[in-house]
Structure formats: C-alpha cells, structure tokens
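> coordinates only, no sequence provided:
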C-alpha cells in the first residue's frame, strides 16, 4: 500500500493524538459507558450474581411502580430535596452577599464558613449523632438553657431528615457560597455605579441590578444541588443507617440494600436507571424553564 | 483589588469603620466552626464527661485516652495508610493521565477527537450509582474485589479531570508551543518542557479535587471492600461507629485523624481549594 506523504503525516499525528488521550479515555469510558450499558441490560434481568440470569423484560420496572418500600424511599428523598435545596441555595446567596465586602476579619469569616467543606460523610455523620444526641447532645442542651422542650432528633422519624439536611448544609454551604461569590464579583461595577447615581438605595440596586445577573447561577446551583440531593446516601449511612423506622431510607439507600444486601442486581439496576431518568428530566425541565424566562443559562 | 498585596489590603481594612455585617457574620462563622470545636474538644475529653447531661462543652481536664484507645482498639494506622495509598495513587494518576489527555483533546488533531471529548463530557451526567452494580460484578470477575485495588481503579482518571485540563490548555496562547515546534522538539517534549510548567494552577485544582473525592469516598469502598486489611479510613471509621456506638471519645479521635489532615491542608491552600470549588461549579 502506498500513502502520500501528507496522508502519512496525518496518520502519524493521529497516532500521537491517540497516544496522548488513550490511557485516560480508556479508563473513563471503560468505567462508565460500558457499565452503563451493562446496567441497562441487567435492569431487564433477574439475577443474584450466582445462578443463571433470567431475562424478565420490563418486569423490574413494573414491580417498582407497586413496591411500597420504593415509594416510601421516593417520598423520603423528596422530603430531603425539598428541605435541602432551598436551604442551600438561599444560604449560599445570603452568605455570598455578606462575604462580598472588604471589612475586618473577612478572611476569618470566609475560612470559618468554607472549611467544613472538607469534612467527610463519615466524620459529619459521627458529629451529627453526637451534636443531636437526645441524651447528651449540645443541641438539646442549648434548648434546655433557653427553656425549650428537648427533642429526639435523629431518633425521631419526623425530625431525622431535617437533622440530616442541616448537617449537609453545614458541609455544603461553602459550595453554593463560592459559586455566588464568583458571580457577584462578575457583576460590572459600572452597573452598580449607574444605579447609585440614579438614586437607587442598596436594596433596590441589589434587587434590580445584581439579582437579574445572578439568574443563571441560581438555575445552575438549583440543578446541581437537586441532583446531589436525590443521590443522598453517605450521610444517611453514617448517621441513621436508614432509620429510625426507615424514615431516612432514600432511593439510593433502597438501591444499595436491594443490590448489595439482597443481591437483586436486576432490580437494583432498574432503580438506578429510574434515578438517572429523573436526573435528566429535572435538568432538562429547569433548563427549559430558564430558557423560556429568557435566561441564557446554558 | 487584584493589585493590592495582602498586607496593604489588610492595613486598609483596619482603617475601615465598623460594619453592621459583623453582627451577622460573627455568629454565623462561630456556628460553622462549632461542630469542629465539638469534635476536637470531645476527642480530648475524659470518656465519662461525654455521657453526662448537661455535657460540659469544654472538658474539665484534657486527656489523650480517646486517641490511645483508638490506636489500640482499632486498625486506624492501617486504615490511614490505605487511605494515603488510595489518595496518593489517585492524585498521581490523575495528574499524569488527565493532563496528557487534556492536552491531546485541546491541541492535537486526530480522527475521533470530537467524538471522544463529547463522550467523555457526556459521562459526567451519569450518576455513579448507575455504575456501581456492573463495576462491582466486573471487579468480582477479574478478582479485584476486596483488595485496595478495588478502591484505586475507579480513581485512576476522571471525565472531570480531563475536562478541567482541556479547558486550561485551550486558554494558553498557541504561540508558546509553536516556537518550541520550530526548534525541532516533538509534541511530547513541547508538552513536558513548555506547556506543563505553565499548568501548575490547573494541576493544583485537579490534585485537590482528586484528594477530596478519593479521601472522603465512602459508598464505593463500602461496597467493594469486604477485607478489613484493605479498609480505607472512612470505611474503617463508619464500621467502627457501628460497633462502638457510645464510645464517643474513640469516635471523635477517629474523626480528628480523618479530618485534621484535610483541615490543615485547607488552611494552607485555601485559595486553591476555593478555585477547585468554583471550577467544579462551572462544569455544568
């Protein structure tokens, strides 16, 4: 076979290119696209990992629609999302506005609010079980001192999810705050100056000048925190192990138990695909909504 | 703002009038520090004082009993070593593979480049939970399950890392490399000698991202590691928590061991951590 020198050069540069990208590309695609395809196949099977896998068509998905435990898990996840997402977006906005100024000790304030970001789920879980301990916890002690009734917190099915949301917020407020801070610093100074010259007070200039600029960031953080919320697992595992009375059993916790405790790999994969579909729908929904409102977020 | 050095900025701040924002920020900052304060104080408290009500926030005397108990009753040293191996390998491998791939996708021309980078960015959308079951089965088949390898392999490279490095290399001016090419250096030499030294900020971001993710990962080790010799620090701690529910001084000492390295690192490299957080926010 003969090749023109130009073709040969192109082939060689193609080879160089592939040599650069191949290792990382093979690892990333090999550990994502291949398993994702396999999970889809598994979701149409009944398999415990040992015996012969059985093709069952859409049975796993059909069973999910009537599974009371799964329904409960969806409700618990929804509750957590409804608590955590607004809290974390609003906290990020407030804290960013407060931190976006040059005053004394601002470095200390920033560090204090950002540093919990490094705490792991295991550490946060252990801390929450102690801080919110009904017997010896600091939180109940504070309630006692100010004369309020003490609570059961993580041991009360009605309060456990709230405690988990609060402790998540402790670690993750840094994230939304940093995103909003970056966006605030991108607001052109001339705009604020113009608003000031037009006689706007601080509240007016925030509401009419700054807030519209923050639209895309708000869309983004809402999507991002929602996706993270519906995937909640680690902190539940390290604080309540799904209890009390299954009150904090989330979708991923349900999936974990189905797949890795009960060895129902097919059923677990179906749950994972439902989760994926919901993630995509939420993202798409929020982006379309933002587009219609005229926000060019993405 | 960018032109003032930190010390002059601080001096100027000292001259500022009192701001009402302190009334909001000071309590909030203390509230955010409170859980860590509780953690450190409880880890050096006598065991008895942690199970009395009302609990003394500041212990009557300081003791290292919690740490002594932790190191004698658990394999925390082994867990710590395992976590360091996992995080160290993850960071080294991320730095090598992701910068190579990021540069390739940003600068080199080859067939399949656009498909490749699209596929990689697309995988960011896939939730990890979707991948856990097949990856678990795959690792079981190839005999990777149970050992430290199971924790390491998923962290060898990541779509986010490739994307981050590609974005950085795209922002570099091409002329730098062209001058190197004229001097007769090949692509790899240009990459190693000219481009990579400029990529330090991006590599710091990547290293921090990988450190936080691999050090703090819980769910995957929980699934993939059933051999106590290969427990990571987070997994060991979560397991220890299950068996020592009420021995708070041990648990808090374990918490300190797991968290203190990252806290110190954060205080030293806060700017880079914040850059990492900001960038991981921009990837959407």
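Nice, I can see it. A quick note: this is a predicted structure, and the numbers were derived from the prediction, not measured.

> tell me the helix or strand right after the one helix or strand residue B:180 maps to.
Using DSSP states H and E, the element containing residue B:180 is helix B:175-182. Tracing the chain C-terminally past helix B:175-182 and defining elements by DSSP H and E, one meets helix B:187-190 next.

> pLDDT weak spots in the chain?
The chain I'm using is chain A. Counting by pLDDT under 70, the low-confidence segments of chain A come to A:1-6, A:294-298.

> actually it's chain B I care about, not the one you picked
Short version for chain B, where the test is pLDDT under 70: B:1-17, B:281-284.

> for it, which helix is longest?
Longest among the helix segments of chain B by residue count, using DSSP state H, is helix B:76-107.

> which parts of it are buried?
Of all the residues in helix B:76-107, those buried under the rule 16 or more other Cβ atoms under 10 Å in any protein chain shown are B:76, B:78-80, B:82-83, B:86-87, B:89-91, B:93-95, B:97-107. C-beta here means a position set from N, CA and C on the backbone, and glycine is covered the same way.

> chain A next: which of those are close?
On the criterion Cβ under 8 Å from any Cβ of the partner chain, B:97, B:98, B:100, B:101, B:103, B:104, B:105 are the entries of the buried residues of helix B:76-107 that sit beside chain A.

> from the centroid of chain B, which residue is nearest?
Centrality entry for chain B: nearest residue to the mean C-alpha point is residue B:212, 1.2 Å, by Cα atoms, centre = their mean.

> look up how far residue A:157 lies from residue A:68.
Using Cβ to Cβ, to the nearest Å, we find residue A:68 at a distance of 16 Å from residue A:157.

> which one's more surrounded, these two?
Neighbours of residue A:68 and residue A:157, each counted by other Cβ atoms under 10 Å in any protein chain shown, are more numerous for residue A:157; the result is 16 against 7.

> rewinding a little: for the residue nearest to the centre of chain B, what are its contacts?
A:118, B:262, B:276 (Cβ atoms under 8 Å, 6 or more residues apart in numbering or on different chains).

> which SS state does it fall under?
Taking DSSP: H, G, I helix; E, B strand; the rest coil as the rule, one finds residue B:212 in the helix state.

> list phi and psi for residue B:227.
Backbone torsions of residue B:227, given as degrees, to the nearest 10, read phi -100, psi 110.

> quick one, what contacts it?
When contacts are counted by Cβ under 8 Å, 6+ apart, residue B:227 is found next to B:146, B:147.

> go again using 6 Å as the cut-off
Taking Cβ atoms under 6 Å, 6 or more residues apart in numbering or on different chains, we find residue B:227 in contact with residue B:146.

> go on, residue B:126?
Taking Cβ under 6 Å, 6+ apart as the definition of contact, the neighbours of residue B:126 are A:32, A:36.

> can you rerun that using 10 Å?
Taking Cβ atoms under 10 Å, 6 or more residues apart in numbering or on different chains as the criterion, residue B:126 is in contact with A:32, A:33, A:35, A:36, A:39, A:272, A:276, A:279, A:280, B:159.

> okay, the fifth one and chain B: tell me how far apart.
Here the criterion is Cβ to the nearest Cβ, to the nearest Å. By it, residue A:39 lies 5 Å from chain B.

> hmm, residue B:138 and that residue touching each other?
No - under the contact definition of Cβ atoms under 10 Å, residue A:39 does not touch residue B:138, with a separation of 11.0 Å.

> list the residues that contact both of the two?
Here residue A:39 and residue B:138 have residue B:131 as joint contacts, going by Cβ under 10 Å, 6+ apart.

> for those two, indicate the residue with more neighbours.
Neighbours were tallied for residue A:39 and for residue B:138 using other Cβ under 10 Å; the higher tally belongs to residue A:39 (26 against 18).

> who's in contact with that one?
A:265-266, A:268-270, A:272-273, A:276, B:126, B:129-135, B:137.

> go with 6 Å
Contact analysis of residue A:39 by Cβ under 6 Å, 6+ apart lists A:269, A:272, B:130, B:133, B:134.

> can you check residue A:41 too?
Residue A:41 sits in contact with no residue, where contact means Cβ under 6 Å, 6+ apart.

> any idea which element the residue lying closest to residue A:230 once chain neighbours are set aside lies in?
Spatial nearest neighbour of residue A:230, excluding adjacent residues (Cβ to Cβ, 6 or more residues apart in numbering or on different chains): residue A:77 at 5.5 Å. With secondary structure defined by DSSP H and E, residue A:77 is part of helix A:68-99.

> tally up the residues packed near residue 222, please.
No chain specified, so I'll use chain A. Neighbours of residue A:222 using other Cβ under 10 Å come to 18.

> that's the other chain; I wanted chain B
Residues lying near residue B:222 (other Cβ under 10 Å) number 22.

> any chance you could list what contacts the strand or helix carrying residue B:167?
The secondary structure element spanning residue B:167 is helix B:159-171 (assigned by DSSP H and E). Residues from elsewhere that reach helix B:159-171, judged by Cβ under 6 Å, 6+ apart: A:24, A:28, B:94, B:98-99, B:101-103, B:105-106, B:120-121, B:123-124, B:202, B:206.

> what angle do it and helix B:76-107 make?
For helix B:159-171 and helix B:76-107, the angle between their directions (axes from the mean of the first three to the mean of the last three Cα atoms, to 10 degrees) works out to 40 degrees.
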